[in-house]
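Undergrad: The amino acid sequence is not available; the structure is as follows:
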């Protein structure tokens, strides 16, 4: 049993306090929270913001909380809307482009990505495909 | 690289197709999707539905997508509203009671809970505290 108190374990997606800040791309910023086996990333995308294609060994799930966009992964292109959820197995290349109203995505990584444990820029991977 | 196609990896939270059905408690039903390291549980709670206190070794995160309720964990009682997210470390006892309008929760488990890989009733644990 942990001794962690609720104040350190509860927050709100839409107005998170604390967390690790990262700029993923122009117009694409995130706040990251880390657990033992799971890392959560709250990604705010401006209209038409686009992340670069990349991959990492960790499994990832995405939940589109608000807005719309296009998910590219595994060589496929999928239009997504509010409430859509997707799984991206490890090492599958992926990217996201926000729709005209922007997008707010809850990303889930397991295990946590070490590259995201500190503030910074980019997707933290060199597996870049321009 | 997996050969899984997007149709097997994308769905919508509000109208999920497929998944594993489980009745957690009276008025508390879920649809479960399983990945390699993460299991996602989409929990629909009727007004005032209440789950029993329990614990499991897997880490859990909850996201309140709609409605309101009360989260009990680690001996604390926290009122939660839309967009609240909480982390429940492994082996911490917890329960949830929905508010007057019910609640829709996205639960995240890592690693996946073997008890939830098949349809059934209850929280799949004997660590019950009435």
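TA: Yep, it's here. Predicted model only: the values in this text are computed from it and were never measured.
Undergrad: And residue A:28, how far from residue B:58?
TA: 31 Å (CB to CB, to the nearest Å). Yep, even glycine has a C-beta here, placed from its N, CA and C like the rest.
Undergrad: typed the wrong thing, it's residue A:53
TA: 32 Å.
Undergrad: who has more neighbours, these two?
TA: residue B:58 (22 against 16; other CB atoms under 10 Å in any protein chain shown).
Undergrad: Just list the residues touching the closest residue to that one other than its chain neighbours, thanks.
TA: Take residue B:58 and drop its neighbours on the chain: the residue closest to it by CB to CB, 6 or more residues apart in numbering or on different chains is residue B:109, 4.9 Å away. The contact partners of residue B:109, by CB atoms under 8 Å, 6 or more residues apart in numbering or on different chains, come to B:38-41, B:58-60, B:116.
Undergrad: can you pull the pLDDT of the closest residue to residue A:117 other than its chain neighbours?
TA: Nearest residue to residue A:117, sequence neighbours excluded (CB to CB, 6+ apart): residue A:34, at 6.4 Å. On pLDDT, residue A:34 comes in at 97.
Undergrad: and if you look at residue A:2?
TA: pLDDT, residue A:2: 47.
Undergrad: what is the mean pLDDT for stretch A:41-59?
TA: Stretch A:41-59 shows an average pLDDT of 97 in the prediction.
Undergrad: Now for the closest residue in space to residue A:124 that isn't next to it in sequence: which residues touch it?
TA: Closest residue to residue A:124 apart from its sequence neighbours, by CB to CB, 6+ apart: residue A:115 at 2.8 Å. With contact taken as CB under 8 Å, 6+ apart, residue A:115 is in contact with A:56, A:123-125.
Undergrad: If we use 10 Å, what do you get?
TA: Going by CB atoms under 10 Å, 6 or more residues apart in numbering or on different chains, residue A:115 touches A:22, A:56, A:58, A:122-125.
Undergrad: Please apply the same query to residue A:123.
TA: A:22, A:24-25, A:28, A:51-56, A:94-95, A:113, A:115-116.
Undergrad: what's the closest of those residues to residue B:11?
TA: Among the contacts of residue A:123, residue A:94 lies closest to residue B:11 (CB to CB), at 16.7 Å.
Undergrad: Was I right to think that closest one contacts residue A:56?
TA: Yes: between residue A:94 and residue A:56 there is a contact under CB atoms under 10 Å: 9.3 Å.
Undergrad: Find the residues that touch each one of these two.
TA: Shared contacts of residue A:94 and residue A:56 (CB under 10 Å, 6+ apart): A:88, A:123.
Undergrad: what are the bridge partners for the residue nearest the centre of chain A, then?
TA: Geometric centre of chain A, nearest residue: residue A:107, 3.7 Å, by CA atoms, centre = their mean. Taking DSSP bridges as the rule, residue A:107 bridges to residue A:41, residue A:62.
Undergrad: Can I take it that residue A:100 is in a strand?
TA: Yes: looking at residue A:100 with DSSP: H, G, I helix; E, B strand; the rest coil, it is inside a strand.
Undergrad: How about the secondary structure of the spatially closest residue to it that is not a sequence neighbour?
TA: Closest residue in space to residue A:100, ignoring its immediate chain neighbours: residue A:47 at 5.3 Å, by CB to CB, 6+ apart. Here residue A:47 is recorded as coil under three-state DSSP.
Undergrad: the helices in chain A, which residues?
TA: Under the criterion DSSP state H, helices of chain A are mapped to A:6-9.
Undergrad: returning to what we had before: of the contacts of residue A:123, buried ones?
TA: A:22, A:24-25, A:28, A:51, A:53-56, A:94-95, A:113, A:116 (16 or more other CB atoms under 10 Å in any protein chain shown).
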